[in-house]
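# Here you go, sequence then predicted model.
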Amino acid sequence: MSTPTKTISYIVIASIILILCAQAYLVYDYFQTVRLALIRESDTILKEAFRADLNQRNNTYLLSTVNDENENMDLTDDIDVIDFNLSEGSEDEESILNKLDIVMHAYISTFIPINLQKIDSITNQILHERNIASEFVIQLIATEDQTVIASSRELSKSSFFLIPSQPYPLDFENKEALKLILINPFSEIIKRMGLMLLGSIIFSIIALLAFRILFLTLSKQKKLVRFKNEFLSNIAHELKRPVASLTVNLDGLQDPDIFSNTGMRDMMLHNSLNALTEMNGTISMLVGLAREEEGLLVLNKQPVNLVHIIMDLKNRFVSSPVKRVSIHTDFESETIIVQGDSIMLTQCFANLIDNAIKYSDRDAIVNISIRMNKSNVILAFKDQGIGIPADKIEHLFEKYSRVDNHSKVSGFGIGLNYVKTIIEKHGGSISVSSELHVGSTFEVLLPYK
Ligand code: ADP
């Protein structure tokens, strides 16, 4: 990986971690807010439940003593005696009510003691009214050491997440207090955090997806750069071959002995010409494909005799310096004329013959036939070469497609794409049939007109 790409990757990874951490912090912070809100609500619920129970106990007490004037007088007297210090204005209404509750409780408890089960059932009702779905327990605790004196129900082992209310004092000496504990109130917390959680999850997913796309683009970019380099080095290699041949042959022709030898001179001139043609072919293929991509490729159509083109190519390829090449031709007629771009069609057929020779392990034997039917001319280029694996045929005509079973053969995978592009531009088509280690046949169909 190149250094800028590496740096970008590190920055992206660091950003992902930061975003996820920020999300986790936000969720945690919101969770704490919800937890505190639940604690405050528990305080209120416990107070409500205690007061409701106190009222019930007071009513029961009053009913039981309805005929006993003295007892009632006593209660009123007792309450009158308490100094609430209202005049000083140091305590708010709520705290005065709390004090009243404590006095009432102290008095009534001597007749009807507090019953945790009753407070439990009242709490249950209040929770229900407030739509809070959670297990809970009411505890009577010793304020000093927070030990549980009594409990409305047992705390099971699975009660690991508890939200306790503030202790609610039952006496002025602060000896005993009531406590409401919500047990595992997950559904309530999720309900309250729902929108925030959903938003956070969606945001995290979007951020992860965006980073994934960024990574994919980066690695695609990296592949493209590698591919471009490979492609350029392949083209350079393809062009070097004819240049080297040209250099050797022109160099040889400078030698007066070779130059005066007619046979040698003709051969070297022929080789030089072939090298130039090959170079020209590669360049015009690259230019042609680039033009086609831009939509600028125009055919220079005129009547072309396919037999002539093939015979010229035969003469060019049989004198291969690398392999012994035999090219057999079989034409239905001496003159087979189609409307086409002579230069481009020649380049196409040259590619097919060149491939037939290149991809033959042994000395190359190529059969070229031209047949005709009512509306088309069918050219077949048959070799006895290495063949093409069946699974590669589907993508064979795609740009830069190469089969990896011939690493020694140079090429850059645009020849067949060029052939297909040009033939189709002529209104024709190309197909291939092949058998591994037996050979391949490329069939080109061209319309007459
Ligand atoms: P290049 O020859 O530069 O690789 P082409 O587009 O001409 O590019 O060919 C694409 C691939 O098709 C070649 O790499 C080769 O694997 C396969 N191929 C083409 N013609 C033949 C053939 N006659 N025999 C076997 N394989 C072939």
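Yes, it's here. Numbers count the residues shown, from 1 in each chain.

# Domain parsing of the chain, as residue ranges.
3-184, 299-447 (automatic domain parsing).

# Go through the ones you listed and find the least confident stretch.
For these, mean pLDDT drops lowest on domain 3-184, to a mean of 85.

# before we move on, the earlier item: nearest to residue 273, out of the domains of the chain?
Closest to residue 273 of the domains of the chain is domain 299-447 (Cβ to Cβ; 8.5 Å). Using the backbone N, CA and C atoms, a C-beta is placed for each residue, glycine as well.

# Quick check: end-to-end length of that closest one?
15 Å (Cα to Cα, to the nearest Å).

# could we number from 27 for the rest of this?
Okay, using 27 as the starting number, the last item reads as domain 325-473.

# Please give me every residue in contact with residue 338.
Residues near residue 338 by Cβ atoms under 8 Å, 6 or more residues apart in numbering: residue 372.

# Could you give the number of residues near residue 203?
Using other Cβ atoms under 10 Å, residue 203 has 20 neighbouring residues.

# Let me know the secondary structure of it.
Of the three states, residue 203 takes strand under DSSP: H, G, I helix; E, B strand; the rest coil.

# Make CSV out of the domains of the chain and add distance to the ligand.
Listed next are those as CSV, based on distance: least, Cβ to the nearest ligand atom, whole Å:
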stretch, distance to the ligand
domain 29-210, 29
domain 325-473, 2
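
# tell me the most buried of those?
domain 325-473 (a mean of 17; mean count of other Cβ atoms under 10 Å).

# How far does it sit from its chain's centre?
Chain-centre distance of domain 325-473: 42 Å, with Cα atoms, centre = their mean, to the nearest Å.

# ok so, going back, right, and the domains of the chain - which one's nearest residue 313?
Closest to residue 313 of the domains of the chain is domain 325-473 (Cβ to Cβ; 10.4 Å).

# By residue count, which helix of the chain is the longest?
The longest helix of the chain (DSSP state H) is helix 212-279.

# On the C-terminal side of it, identify the next helix or strand.
Counting by DSSP states H and E, the next helix or strand C-terminal to helix 212-279 is helix 282-286.

# Stretch 464-474: how far from the chain's middle?
With Cα atoms, centre = their mean, you get 42 Å for stretch 464-474.

# what sits up against that stretch?
Contacts for stretch 464-474 (Cβ under 8 Å, 6+ apart): 332, 363-366, 374-375, 378, 381-382, 385, 401-411, 413-414, 445, 449, 452-460.

# Take these and keep only those in strands.
With strands taken from DSSP state E, the overlap with the contacts of stretch 464-474 comprises 363-366, 402-409, 455-460.

# Helices along this structure, start to end?
29-90, 95-107, 119-135, 142-155, 212-279, 282-286, 288-320, 332-344, 368-384, 416-419, 441-451.

# one step back: the longest helix of the chain vs helix 29-90, what angle?
Here helix 212-279 points in a direction 170 degrees away from that of helix 29-90 (axes from the mean of the first three to the mean of the last three Cα atoms, to 10 degrees).
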